[in-house]
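*Asks:* Pasting a predicted model and its sequence here:
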Amino acid sequence: PLNFYYTMKASILVTLSTLVAYAFAANVADRPHLSGKTLNVTANSFCLFMPKTPGETIAASEATAIAFCNNTASAPGAKALPKGFIKSTHFLSGKGEGKYVQYTGSIDNSKYSLDPKDGGGQYDDHGNGKPINSSCIGYPYFVELIEPNDSRYCVRCCEVYADCNAGRSEYGCARIAPGDFS
């Protein structure tokens, strides 16, 4: 009888944990694509969250950043990436635990007045999102870093949270979204 009680209790806890995880995933996937708060990452176009104001540090803009895209029609309310800001782009799609798409590459900090000593920061969908209410079209999860001190960026949108490594911003682009930064 005692073992049955503990087995039932453990089963109930596992079931509840699973339901909470599914509810969270559904909530993230159902986020609306708000103007200026939406990334679109495909083989033909991509967006990055960046500070609203040139010269603002990346970390200081995590809650208030807006989307900038190479094709503004691909995301609602997006602004055009500053001319010459993106020096290189390398697209990659793959499968970890689920499908993902990503861009990596190099940036010219001077084209948006970013401080080359700025260690950067991370934008992601975790919690309410950074920026708040942010999303990536077609994917429930995303992670993006801009690292002015290394003149590089990375953005990855994922079907499965584990493929986006959003809890590890200190790792930088090289570990969060490995790719070509040349």
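*Replies:* Here it is on my side, so go on. For clarity, every value in this text was computed on a predicted model and none was experimentally measured.
*Asks:* Quick one: low-confidence residue ranges for this protein.
*Replies:* Scanning the chain with the threshold set as pLDDT under 70 gives 1-32.
*Asks:* where along it do the strands fall?
*Replies:* 38-39, 47-50, 66-69, 79-80, 90-95, 99-106, 121-124, 135-136, 141-147, 152-158 (DSSP state E).
*Asks:* middle-most residue in the chain, spatially?
*Replies:* The residue lying closest to the centre of the chain (CA atoms, centre = their mean) is residue 143, at 2.2 Å.
*Asks:* Identify the residues contacting that residue.
*Replies:* By CB atoms under 8 Å, 6 or more residues apart in numbering, residue 143 lies in contact with 122-125, 155-156, 158, 164-166, 176-177. Placement of C-beta: from N, CA and C, glycine included.
*Asks:* now do residue 151
*Replies:* 87, 106-109, 116.
*Asks:* which one of those has the most neighbours?
*Replies:* Within those, neighbour counts (other CB atoms under 10 Å) peak at residue 107, which reaches 25 neighbours.
*Asks:* burial count for the spatially closest residue to residue 174 that is not a sequence neighbour?
*Replies:* Leaving aside its chain neighbours, residue 174 sits nearest to residue 181 (7.6 Å; criterion: CB to CB, 6 or more residues apart in numbering). Per other CB under 10 Å, the neighbour tally for residue 181 reads 20.
*Asks:* Please apply the same query to residue 126.
*Replies:* 17.
*Asks:* Name the nearest residue to it, ignoring sequence neighbours.
*Replies:* residue 166 (5.0 Å).
*Asks:* doesn't residue 125 make contact with the one you found?
*Replies:* Yes. The pair residue 166 / residue 125 is scored as a contact, 7.1 Å apart, by CB atoms under 8 Å.
*Asks:* Between the two, which is the more surrounded one?
*Replies:* More neighbours surround residue 125 than the other of residue 166 and residue 125, with 26 against 22 (other CB under 10 Å).
*Asks:* Okay, that one and residue 138: tell me how far apart.
*Replies:* Computed with CB to CB, to the nearest Å, the distance linking residue 125 and residue 138 is 13 Å.
*Asks:* Same question for residue 64.
*Replies:* Separation of residue 64 from residue 138 (CB to CB): 24 Å.
*Asks:* One more: residue 155?
*Replies:* Counting by CB to CB, the gap from residue 155 to residue 138 is 13 Å.
*Asks:* Between these two, point out the one with more neighbours.
*Replies:* residue 155 (24 against 15).
*Asks:* need the contact list for the closest residue to the more buried one other than its chain neighbours.
*Replies:* Excluding the flanking residues, the one nearest residue 155 by CB to CB, 6+ apart is residue 144, at 4.1 Å. For residue 144, the contacting residues are 39, 48-49, 122-124, 153-156, by CB under 8 Å, 6+ apart.
*Asks:* Serialize the residues you listed to JSON lines and add fields for distance to residue 69.
*Replies:* Shown next, in JSON lines, are the contacts of residue 144 (distance: CB to CB, whole Å):
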{"residue": "39", "distance to residue 69": "8"}
{"residue": "48", "distance to residue 69": "8"}
{"residue": "49", "distance to residue 69": "10"}
{"residue": "122", "distance to residue 69": "19"}
{"residue": "123", "distance to residue 69": "14"}
{"residue": "124", "distance to residue 69": "18"}
{"residue": "153", "distance to residue 69": "13"}
{"residue": "154", "distance to residue 69": "16"}
{"residue": "155", "distance to residue 69": "11"}
{"residue": "156", "distance to residue 69": "16"}
